[in-house]
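Chemist: any chance you can model this:
(chains A and B)
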Amino acid sequence: MKGIVFNLLEEIVVREHGEETWELLLDRAGVAGVYTSLGNYPDADLTALVGAAAEALDLPADDVVRWFGRHALPLLAARYPALFEPHTDARSFVLTLNEIIHPEVRKLYPGAETPAFSFDASQPDRLVMDYRSSRRLCAFAEGLLLGAADHYGQTIAIEQPECMERGDDRCLIAIDFCR
Amino acid sequence: MPDRDRLLPIGDANPDAKLARLERRLARERAARHEAETISERATRELYDKQQRLLLLGEVVTAANEASAMDGALATALAAVCHHCSWPIGHAWLLAPDGVLESSGLWHGVDERFAAFRAATEQLRLTPGLGLPGRVLAQRHAVWLLDFARVSELPRAQAAAAVGLHTAIGFPILVGREVVGVLEFLTERVLEPEAELIDLMAQVGTELGRVVERQQAAERLRHQATHDALTGLPNRVLIRAQLQRALSRLDRSPDGHTAVFFVDLDGFKAVNDTLGHAAGDRILRDVATRLGSIVRPHDLLGRLSGDEFLIVCEGLTADYPMATIAQRIGDVLHLPFSLDGELFQITASIGVTTAAPGKEPEALIAEADAAMYRAKQLGRARWEMYSEELGARLRRRTELERALRHAADRGELRLHYQPEVDLCSGRVVGVEALLRWQRDDVTVMPAEFIPLAEETGLIVPIGAWVLDEALRQAQVWRADPSIDDELWMSVNLSVRQLADPEIMTRVADTLARYDSDPAKLLLEVTESVILDDVEAGLTVLTQLKQLGTEIAIDDFGTGYASLSYLRRFPASALKIDRSFITTLDDPRTRAIVMAMIELAHALDLTPIAEGIETAGQLAVLRELSCDLGQGYHFARPQPAADMEALLRAGQPLSIAGSS
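Modeler: Residues are numbered from 1 along each chain as shown, chains lettered A, B, ... in the order given. As a prediction, this is how the structure comes out:
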């Protein structure tokens, strides 16, 4: 897992809940907590941090991850405005994931394992994404999608007809863009 | 540590203030870390971009080096640029011979969504300045178009708008300063021009230019291998290939005729010999230009060799018949040629044939050649159509040639002998060896095959056999005590044999082989020996004379040799052609024969009359003091055994005249 993800999480937790909470999460998760955006860290660190947060907040881990994604997006938008500016809505932004955003990620972090999405964009107000990743972070994807909708001032509804967490061999994320 | 305490500001002991200070420090550290990360990210990104560009260039260079055809290199370059630079669509234009850009049909990343745009693109032909590629062509450098769908004067603005394409970059494929093609890349994004990318594209364009350059070099080589250097016309190799294609088209669409014209200049050799090769070359180039001016653009015009040209016209109908074309060829070549201010007239003999499905190119060329040969025979400066009869003659000739080639090996060649007689005493003084060809039951006469042997060069080996056989026979007769050993043997030598560099050694070797006295060998050569090349002819004859052989001028009076050459001709005998003897009744002929005999005597040559058939002719010749003679009156040419009987008898032959 790329260090940037831990940095984003830290930034959000500190902003929303203060420095002490982050220190507490680090302690509870039993991780070192030294993360730089340039580094690469064990996936297990993120799982442990999410688990600690879920326990503290008494929430399902997926909800924590979704919350994290939704709040991470504006931070990404601030850091990489060039990726967001050409678009006026979340749909067209999301559709550039494979061609632009992930290639850009790989430029910054050589060797980054970015997930591959395939899109069904046949309906104008609906977008269906096929997500396959060993990390099973479909909830993070959902959170980012919600954040993107927030960013472009849109309302979306997300459902997952298929999910690896439920034993399917892929996650299918369906996004309905409300008018 | 008191010193340290003194440095602390007042109120330092306040824990809140301390905490606040630590938090500020933490925030500073965090900000410093972000800044370091940002700097590092930028460096990483730049490094990545550089690597990608190197990779891209590497791919293009490799493709350019390995490409045998432009298409492969272009396809690789399109894919590499699209991949490394994240431009979804790439397309290549190539410069057509008329200086207009045409789609190469090579695309990358153009899926069915862009079908309409692709179609709109591929039907365009862009002149310099028109559209993005046209601008690249005119400016010879990269052009970046932002939001080009809105630039209404662009030919594809609407098509681009319809599929949401916004930014386009085009850059030239350059060979030297020449644009030979344009690569364009398109994207739905709106992208500002990037100097580095443009620079990279320029390098890609240069690399691709090298492929074109190499291809052009290869094309030049191919052109050289298939074209005649002098006239630039297709050579025999290409003519044959294109004729083959024309013939296969004939199979598919039998509309109209396909005609082959074989054009041979009359007397071109004389032009070369008298005016020199440079002049000859200029005339050939001129001929090529003239022929080019009368054929249609899609007709095939080529140079077979020397002064032989071939024209193939397809789809001929009654509106444009073969006769018209043949006539035009003749007419256009008949106009005077100008060389250094002087005018020369040249004519051509033309053979025409029509192609039929299933024919071989070489067979067609041979047919047209045969028809041309016929035109030459019928007086030159004309055209002849190939016919089955001509074909049959050609086949007979070919068949004859093949048979003749093996005649000597199969022992089909024979020598017949005819006595040469002293007209005073009736004694046989010499024997002329005459070639016969025994094909199965038929005896083929020399007139039927010697010209062919001359033409094909077979006369050289055949002549060698004749000399060998004649001297062998002479040795047999010499060993026979009942035969006069003073007899000489006459053997004919052709022009072609004399031109053979081996002739001297061959004659000397053969004489040695049969232990023959050179003085008993009379080599008969016609006047034409010195007609083609006086000095060379005289040189060989002089050498033969020095070898000790005797030389006779054969068929005297039929050639056109200047009498002045006769003085230098190292001959000892002069054979008066039979045509004079058969018309001896005519007083004027008699006067000529008398003059010839006197001339011979004056030059110290022994006159020999050929073709004496009657006692009357014999009487006249005796009266005119002709020394020797031969002919049916004495004996027909006959096989060695018969001749031997005649020689053994030792009887003088009848010289009784009845004038």
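Chemist: any regions of chain A where pLDDT drops low?
Modeler: Scanning chain A for pLDDT under 70 picks out the ranges A:179.
Chemist: pull up the residues of it that are close to chain B.
Modeler: A:19, A:36-38, A:86, A:99-100, A:103, A:106-110 (C-beta under 8 Å from any C-beta of the partner chain). (C-beta placed from N, C-alpha, C; glycine too.)
Chemist: the closest residue to chain A within the stretch 201-350 of chain B - nearest residue in space that isn't next to it in sequence?
Modeler: Taking C-beta to the nearest C-beta, chain A has its nearest neighbour within the stretch 201-350 of chain B at B:Met201, 19.0 Å off. Nearest non-adjacent residue to B:Met201, counting by C-beta to C-beta, 6 or more residues apart in numbering or on different chains: B:Phe171, 4.0 Å away.
Chemist: could you measure that neighbour against chain A, distance?
Modeler: Distance of B:Phe171 to chain A, computed by C-beta to the nearest C-beta, to the nearest Å: 22 Å.
Chemist: and the strands in chain A?
Modeler: A:116-120, A:126-132, A:155-162, A:171-178 (DSSP state E).
Chemist: picking that back up, of the residues of chain A next to chain B, buried ones?
Modeler: For the residues of chain A next to chain B, a neighbour count by 16 or more other C-beta atoms under 10 Å in any protein chain shown gives the buried set as A:36-38, A:100, A:103, A:107-109.
Chemist: show only the entries of those residues found in helices.
Modeler: If you go by DSSP state H, those have A:103, A:107-108 in helices.
Chemist: what's the closest of those residues to chain B?
Modeler: Checking those against chain B by C-beta to the nearest C-beta gives A:Lys107 as the nearest, at 4.3 Å.
Chemist: ok, which of the strands of chain A comes nearest B:Ser625?
Modeler: strand A:116-120 (119.0 Å; C-beta to C-beta).
Chemist: which other helices and strands contact that closest one?
Modeler: For strand A:116-120, the elements it packs on are strand A:126-132, judged by 3 or more C-beta pairs under 8 Å, 6 or more residues apart in numbering or on different chains; DSSP states H and E.
Chemist: for the strand it packs on, buried residues please.
Modeler: Counting neighbours by 16+ other C-beta under 10 Å, strand A:126-132 gives A:127-129, A:131 as buried.
Chemist: and those residues, which is closest to chain B?
Modeler: A:Leu127 (16.6 Å).
Chemist: surely the closest one and A:Phe93 touch.
Modeler: No. A:Leu127 is not in contact with A:Phe93 according to C-beta atoms under 8 Å; the separation is 10.9 Å.
Chemist: determine which two of the buried ones among the residues of chain A next to chain B are furthest apart.
Modeler: Across those, no pair lies farther apart than A:Thr36 and A:Ile100, at 24.9 Å, counting by C-beta to C-beta.
Chemist: which strand or helix spans the residue of the stretch 201-350 of chain B closest to chain A?
Modeler: Here B:Met201 sits within helix B:195-226, counting by DSSP states H and E.
Chemist: what's the answer for B:Phe185, then?
Modeler: Element membership for B:Phe185 (DSSP H and E) is strand B:178-187.
Chemist: pull up the pairing partners for that strand, direction included.
Modeler: strand B:89-95 (antiparallel), strand B:167-175 (antiparallel) (DSSP bridges).
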